[in-house]
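Asker: this one's sequence-less:
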């Protein structure tokens, strides 16, 4: 058995090296290192890829979330409903802007926010004197959340809805719509380990709303107006480097094929492991970006150790939900308040998701898992 790679980034780098080198050389030659022509080209390519009217390239995925909240006017005194089982970036931007996170339970089989719990969370927030203004729902591990239900709930309760698609860009909902168009605003990350990643930090925001797009384009450049030194709003410095845009353009040429390969590997995992371990579930007809393929196991440490013995790398996302983290504990309700999020944090274990994995290596991973859990 060959060495098993967790992400396949080394293989991808070898495959794209000539194209990437040529694109980087072009940037060096023209010298427009900040907001150069490749940034505009990337935005247009991203729009075409996902079907959104506007794509706004920014410095990273966390900034994308913050800019989206700022565009919605979220700030002091406001409350934002957000899943607890997610990465810290989703929650921290709420507090940075002076708002309050209201942590919501997730679904045990999809890992995404449980829409059946939204009404309860909203009622609790109001009862405690908060002013609910927004929802940030996360497409965890690459699977789109229930955006039909989320849009319905947000519209009925006058809540600003943001999709945190840091892990799901490239996924397609079961009605054929693509991530980037499923919510009024969608944010994503191009961190190197994401399904579509650059060689540094990067991110993007998607919307069909012309007014929101104008505000967010201004916000990413210090609140700039029509002229360079005209400041029309409080903004931030979140411009995407031209080098990173060039790298992303090269990667986008093969991205759809990589997503297809990820789904084929996930299908193999499901068909051969679904009867022996709790595998991630997705609605029929939905395509996941499979940023991670995440199992649920009762004796995680032992299983992880056995897989390591077989040469299978694994990862744990995330070992402690947000409402129990030191930074966010004052805004949660303590241990036992979100039992599924707490349970999942002790069970989840992610397998290699390498679109270039050989059949031999995928079979070896499957065999190792079966051996470890049976």
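Answerer: That came through fine. Everything quoted here is computed from the prediction, not taken from an experiment. Residues are numbered from 1 along each chain as shown.
Asker: contacts, neighbours, all on C-alpha from now
Answerer: Will do.
Asker: mind listing the strands for the protein?
Answerer: When assigned using DSSP state E, the strands of the chain occupy the ranges 54-58, 78-83, 100-104, 131-138, 160-164, 185-189, 203-207, 293-296, 348-351.
Asker: Residue 80 is in contact with residue 121, correct?
Answerer: No: counting by Cα atoms under 8 Å, residue 80 is not a contact partner of residue 121; they are 10.2 Å apart.
Asker: higher neighbour count, these two?
Answerer: Looking at residue 121 and residue 80 with other Cα atoms under 10 Å, you find the greater number of neighbours at residue 80, namely 28 against 18.
Asker: From residue 38, how far off is the more buried one?
Answerer: Using Cα to Cα, to the nearest Å, residue 80 is found at 35 Å from residue 38.
Asker: do the same with residue 369
Answerer: In this view, residue 369 and residue 38 are 43 Å apart by Cα to Cα.
Asker: what sits against residue 259?
Answerer: Applying Cα atoms under 8 Å, 6 or more residues apart in numbering to residue 259 gives the contacts 170, 171, 195, 288, 289, 290, 355.
Asker: just residue 202 next, same as before
Answerer: Listed by Cα under 8 Å, 6+ apart, the contact partners of residue 202 are 57, 58, 59, 60, 61, 189, 190, 191, 240, 241, 244.
Asker: So which of the contacts of residue 259 is the closest to residue 158?
Answerer: When the contacts of residue 259 are compared for distance to residue 158 (Cα to Cα), residue 171 wins out at 27.0 Å.
Asker: Now the closest one: phi and psi?
Answerer: Per-residue torsions, residue 171: phi -80, psi 160 (degrees, to the nearest 10).
Asker: Compute the number of surrounding residues for it.
Answerer: When neighbours are defined as other Cα under 10 Å, residue 171 has 27 of them.
Asker: Tell me which residues touch it, please.
Answerer: 142, 143, 144, 178, 179, 259, 286, 287, 288, 289.
Asker: export these to JSON lines and tack on distance to residue 360?
Answerer: Shown next, in JSON lines, are the contacts of residue 171 (distance: Cα to Cα, whole Å):
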{"residue": "142", "distance to residue 360": "25"}
{"residue": "143", "distance to residue 360": "26"}
{"residue": "144", "distance to residue 360": "30"}
{"residue": "178", "distance to residue 360": "32"}
{"residue": "179", "distance to residue 360": "32"}
{"residue": "259", "distance to residue 360": "20"}
{"residue": "286", "distance to residue 360": "27"}
{"residue": "287", "distance to residue 360": "24"}
{"residue": "288", "distance to residue 360": "23"}
{"residue": "289", "distance to residue 360": "22"}
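Asker: ok so, going back, shared neighbours, residue 121 and residue 80?
Answerer: Here residue 121 and residue 80 have residue 102 as joint contacts, going by Cα under 8 Å, 6+ apart.
Asker: ok, which stretches of the stretch 51-200 of the chain are helices?
Answerer: Using DSSP state H, counting those that start in this stretch, the helices of the stretch 51-200 of the chain run over 61-71, 88-96, 118-127, 147-156.
Asker: roughly how far out does the first one sit from the chain middle?
Answerer: Using Cα atoms, centre = their mean, to the nearest Å, we find the averaged C-alpha position of helix 61-71 to lie 13 Å away from the chain's own average C-alpha position.
Asker: The third one now?
Answerer: How far helix 118-127 lies from its chain's middle: 25 Å, per Cα atoms, centre = their mean.
Asker: surely residue 294 meets residue 350?
Answerer: Yes: the criterion here is Cα under 8 Å, and residue 294 meets it with residue 350 at 4.1 Å.
Asker: quick one: which of the two has more around it?
Answerer: Neighbour totals were compared for residue 294 and residue 350, and residue 294 leads with 26 against 19 (other Cα under 10 Å).
Asker: if I look at the more buried one, how far off is residue 351?
Answerer: Distance of residue 294 to residue 351, given as Cα to Cα: 6 Å.
Asker: what's the answer for residue 74, then?
Answerer: Relative to residue 351, and taking Cα to Cα, residue 74 is found at 37 Å.
Asker: swap in residue 187?
Answerer: The gap separating residue 187 from residue 351 is 25 Å, by Cα to Cα.
Asker: Who has more neighbours out of the two?
Answerer: Ranked by neighbour count (other Cα under 10 Å), residue 187 and residue 351 place residue 187 first, with 34 against 23.
Asker: Quick one: end-to-end length of stretch 228-246, please.
Answerer: Counting by Cα to Cα: the opening and closing residues of stretch 228-246 are 24 Å apart.
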